[in-house]
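Novice: Provided below are the primary sequence and the corresponding predicted coordinates.
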Amino acid sequence: MSELQKNTIESLLKEKKRTKRDLAKLLDIKENSINRLLKSSNITLLKLGIIADFLEVDIVDLLPKKESAQDLLEDYQRIDSSEMTNQLAITNLSEALNRNSKTIENLIRFISENFPERSSVN
């Protein structure tokens, strides 16, 4: 995160009448760690999203303005692996739920067609 983004967050905190202490509590970090976090170039998108929600702004407003696709690619590659793992887990769960709902639909249709006297689900 650049000095500009740090300044943006600090001014939004003032504007929204919130403090770094409030933000630290939300992020579950020590208050004296907030400045280090805001200066860090390795802040995760997850934390940046939490900060954006807290400040009631769009995450894009907190992202650094990049001048090249290479800069964007380097930032993307810095996303911590646990965040990537969480995203993959959510995708896999979503796919599994979709498959299961289709299975349930097929099972209900099978019961309805083959056992109409026992089927109370239509």
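Specialist: Structure's in. What do you need?

Novice: and the longest helix for this structure?
Specialist: In the chain, assigned by DSSP state H, the helix with the most residues is helix 81-114.

Novice: what helices or strands is that one leaning on?
Specialist: helix 45-55 (3 or more CB pairs under 8 Å, 6 or more residues apart in numbering; DSSP states H and E). Placement of C-beta: from N, CA and C, glycine included.

Novice: mind listing what's buried in the helix it packs on?
Specialist: Neighbour-count burial for helix 45-55 flags Leu45, Lys47, Leu48, Ile50, Ile51, Ala52, Phe54, Leu55 (criterion: 16 or more other CB atoms under 10 Å).

Novice: average pLDDT across the longest helix of the chain?
Specialist: Averaging pLDDT along helix 81-114 gives 74.

Novice: tell me the angle that helix makes with helix 45-55.
Specialist: Using axes from the mean of the first three to the mean of the last three CA atoms, to 10 degrees, one finds that helix 81-114 and helix 45-55 are set 80 degrees apart in direction.

Novice: Against Ile59, how distant is the residue nearest to the spatial centre of the chain?
Specialist: Centre of the chain computed as the mean C-alpha position; nearest residue by CA atoms, centre = their mean is Leu46, 4.6 Å away. The gap separating Leu46 from Ile59 is 10 Å, by CB to CB, to the nearest Å.

Novice: for Asn35, same thing?
Specialist: 21 Å.

Novice: Any chance of the backbone angles for Thr44?
Specialist: Torsion angles at Thr44 (phi, psi; degrees, to the nearest 10) stand at phi -80, psi 160.

Novice: okay, now it: neighbour count?
Specialist: 14 (other CB atoms under 10 Å).

Novice: same question, Leu62
Specialist: 18.

Novice: so what's it up against?
Specialist: Residues counted as contacts of Leu62 (CB atoms under 8 Å, 6 or more residues apart in numbering) are Gln5, Thr8, Ile9, Leu48, Ile51, Ala52, Leu55.

Novice: now, among those residues, which is nearest to Glu95?
Specialist: Lowest distance from Glu95 to those (CB to CB) belongs to Leu48, with 26.8 Å.
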